[in-house]
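[1] Sequence below, structure please.
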Amino acid sequence: MTVVLDSSGVTMLALSRARLEVLRRRGEWPPIVPAVVLTEALTGDHRRDFHENRLLRMCIVRPTGEELARAAARLRSAVGGPRVPSAVDAIVAAVADEAGGATILTSDPRDMRALARHTISTVRIGTG
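    All right, here's what the predicted structure looks like:
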């Protein structure tokens with residue numbers, strides 16, 4: 001199955017070679033990272049971002065075009081209620097849906113589960 005990373009997923013994998021190896025053994029490599037996630041995961045200082053940048057060189061960084069942004073907007077609107085997930089989380093969920101189903105690696109399962117309930121494909125949520 002495909003793995004999609006949100007910003008906390010990037011940080012988790014960047015700091016844990018053991019987790020990387022598990023994904024590789026299961027054939028879930030390389031993960032997909034929506035480009036917008038880099039905004040949350042990085043600081044812009046190459047010294048502080050060393051581990052994340054090393055990981056990202058091994059990932060598929062997926063640009064966010066209009067079609068994907070519109071799919072994310074539909075997911076975000078479908079959640080509704082007083083606590084609407086962030087646009088970045090919605091894009092992560094839309095990428096997982098577009099992949100035909102995926103596991104999202106996150107430390108914020110609440111918002112991701114809310115979004116995943118509205119995807120067409122099966123989107124699972126994995127935590128650290």
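
[2] which parts of the lowest-mean-pLDDT helix or strand in the chain are buried?
    The least trusted helix or strand in the chain, going by mean pLDDT, DSSP states H and E, turns out to be helix 17-25, with a mean of 93. Neighbour-count burial for helix 17-25 flags R19, L20, L23 (criterion: 16 or more other Cβ atoms under 10 Å). Just so you know, the C-beta spots here come from the backbone N, C-alpha and C atoms, and that holds for glycine as well.

[3] Contacts for it next, please.
    V3, M12, L13, W29, P31, L55 (Cβ atoms under 8 Å, 6 or more residues apart in numbering).

[4] Out of the residues you listed, which two sit at the greatest distance?
    Maximum pairwise distance in the contacts of helix 17-25, criterion Cβ to Cβ, is 14.8 Å, between M12 and W29.

[5] In terms of neighbours, single out the busier of the two.
    Shown here are M12 and W29; by other Cβ atoms under 10 Å, M12 has more neighbours (20 against 16).
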